[in-house]
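In: predicted structure and sequence below. I'll ask about it afterward.
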Amino acid sequence: MTAPLLHATLTLLTGNVLANALPLLLGPALTRLYAPDAFGQYALLWAVATNLGVIACARYEFALPLEKTAHGAALLMALCARLLLLVTAASTLVALALAWHQGMALAWLLPAGVLAIGTAQWLSLWVTRAQRFALLSTARLVQQGGGATLQVLLGLLKAGPLGLLLGPIAGCLCAAWLLARPAPRGGWRRMWRQPPARLKAMAARHRDFPLYNTPHAFIGALQDTLTLLLIAAWAGDAAAGLWALALRYLKAPATLLGGALSQALYPQLLQARTADAARALVRRSMLALTALAAPLAAVLLLWGPDLFTWFFGAAWGDAGGLARALALYIGLHFIASPLSVVTLAWRAQPWALRLSLVGQLVFFAGLGLGLYHGGLVGAAWGVSAAMAAYFLYYFRALAHWSDVPHESLA
């Protein structure tokens with residue numbers, strides 16, 4: 001890694017460690033305050049909210065680091081704000097459908113979840129553009145740590161799935177409040193007064209983001225939603241809760257380090273002076289991530305069941321079997337997660353979208369065959385086996401990418 005990238009990554013990593021330490025440390029309390037079926041209900045509704053929240057701004061927020069002028073960034077901010085409100089309003093229809101057809105009593109919270117997730121992500125990119133990584137770390141601490149703390153407090157009050165949902169919603173909204181300063185040049189009021197013609201021109205300028213990155217992000221988030229729906233239909237809410245808990249904690253290292261590296265890597269790739277320098281930066285990041293992922297996967301393979309039973313309690317022992325079976329998938333996902341910004345910087349979003357569609361088919365093929373032949377643990381082994389070839393192809397393609405665009409270079 002270059003010195004600026006290392007410094008930015010360490011700054012974000014410090015905040016990420018603190019932000020994720022509380023949820024991880026509070027995990028045993030949460031699993032003793034909430035039953036697996038409560039986790040299943042929460043995980044499914046939160047997955048739907050995430051599915052909509054990550055695309056609430058049509059991914060235009062990811063174009064913010066590309067805008068070099070304050071005026072251009074303010075226009076993008078105005079565009080994102082309008083789209084966010086539109087998607088939040090539309091999510092009420094999804095909430096009504098879930099309440100009517102699926103009998104989800106807590107579906108009324110869906111729009112609040114969409115608004116919270118979308119706002120936090122939008123403003124995170126606003127702060128990333130300014131490379132204010134210390135503020136970003138603080139906001140993440142509030143979002144993750146504060147949300148988990150509230151879940152525990154509400155669990156003590158026997159709030160059930162409602163408590164699990166209110167925690168992360170409140171955490172996202174509090175983080176967004178921190179990230180909202182400083183306002184775009186001219187203030188928030190001026191941002192709302194941007195002429196429609198200028199907003200349309202800005203939308204057209206960055207049309208690749210809604211055309212390619214939005215479906216890519218939606219499909220990626222849809223994976224979690226459909227997985228939980230399939231498992232709940234096959235084996236019930238408790239099984240969905242076990243799967244959700246296992247993935248939540250197994251993906252925590254990728255969220256911890258991967259999120260920090262990706263947010264630092266994105267502007268560094270945009271500032272790379274040559275295509276060779278950009279590729280070298282990606283390869284060094286990939287090697288560093290592999291060195292960290294290998295021991296993580298080994299620990300899960302050797303001691304996954306024992307660790308989960310000891311940490312979360314006997315009622316969650318079956319989640320440890322899932323951890324062992326998912327070890328290979330988790331290790332490869334750990335490497336791949338931070339590299340998602342590479343195709344954004346290199347304007348390779350059409351390719352990334354096509355590959356993502358293939359990846360979804362591979363994932364669900366492994367999941368479905370595993371469920372059919374081996375139940376819940378079989379599904380986990382199926383996902384690991386199926387996704388290994390997919391991730392290896394993805395890594396090789398990025399390491400040898402031949403078409404780094406000139407506009408992504410300084």
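Out: Received the coordinates, thanks. Since this is a predicted model, take the numbers as computed values, not measurements.

In: so where's the stretch 51-200 of the chain shaky on pLDDT?
Out: 102-103, 185-186 (pLDDT under 70).

In: all helices for it, in order.
Out: For the stretch 51-200 of the chain, the helices defined by DSSP state H, counting those that start in this stretch occupy 70-97, 110-129, 133-140, 147-156, 161-179, 187-192, 196-205.

In: next, the buried residues of the third one.
Out: Of the residues in helix 133-140, those buried by neighbour count under the rule 16 or more other CB atoms under 10 Å are Phe133, Leu135, Leu136, Ser137, Thr138, Ala139, Arg140. To be clear about C-beta, it is placed using only N, CA and C from the backbone, and glycine gets the same treatment.

In: what's the closest of the helices of the stretch 51-200 of the chain to Trp243?
Out: Each of the helices of the stretch 51-200 of the chain has some distance to Trp243 by CB to CB; the shortest is helix 161-179, at 15.3 Å.

In: now that closest one and helix 110-129, what's the angle there?
Out: 30 degrees (axes from the mean of the first three to the mean of the last three CA atoms, to 10 degrees).

In: now helix 161-179, how far from the centre of its chain.
Out: Centroid separation between helix 161-179 and its chain, computed with CA atoms, centre = their mean, to the nearest Å, is 15 Å.

In: what's it packed up against?
Out: Under the contact definition 3 or more CB pairs under 8 Å, 6 or more residues apart in numbering; DSSP states H and E, helix 161-179 sits against helix 36-53, helix 110-129, helix 133-140, helix 147-156.

In: what angle separates the first one from helix 70-97?
Out: With the same axes, to 10 degrees as the basis, helix 36-53 and helix 70-97 are set at 140 degrees to each other.

In: likewise for the shortest one?
Out: Interaxial angle, helix 133-140 versus helix 70-97 (the same axes, to 10 degrees): 10 degrees.

In: run the chain-centre distance for the lengthiest helix in the chain.
Out: Looking across the chain with DSSP state H, the single longest helix is helix 349-399. For helix 349-399, the separation from the chain centroid amounts to 18 Å (computed by CA atoms, centre = their mean).

In: pLDDT averaged over that helix - what is it?
Out: Mean pLDDT, computed over helix 349-399, is 94.

In: could you find the closest non-adjacent residue to Ala56?
Out: Gly118 (3.1 Å; CB to CB, 6 or more residues apart in numbering).

In: number of nearby residues for that neighbour?
Out: Other residues near Gly118 number 28, with proximity taken as other CB atoms under 10 Å.

In: still on that earlier bit, out of the helices of the stretch 51-200 of the chain, which comes closest to Ala325?
Out: Across the helices of the stretch 51-200 of the chain, Ala325 has its closest neighbour in helix 161-179 (25.0 Å, CB to CB).

In: got the angle between the closest one and helix 147-156?
Out: For helix 161-179 against helix 147-156, the angle by the same axes, to 10 degrees is 150 degrees.

In: buried residues, helix 161-179. List them.
Out: Applying a neighbour-count criterion of 16+ other CB under 10 Å, one finds 161-176, 178-179 buried in helix 161-179.

In: can you list the domains in the chain?
Out: 1-206, 207-410 (automatic domain parsing).

In: how far does the longest one sit from the chain's center?
Out: I take that to be domain 1-206. Counting by CA atoms, centre = their mean, domain 1-206 comes out at 10 Å from the chain centroid.

In: could you do the last one as well?
Out: Between the mean C-alpha point of domain 207-410 and the mean C-alpha point of its chain there is a distance of 10 Å (CA atoms, centre = their mean).

In: noted, bye for now.
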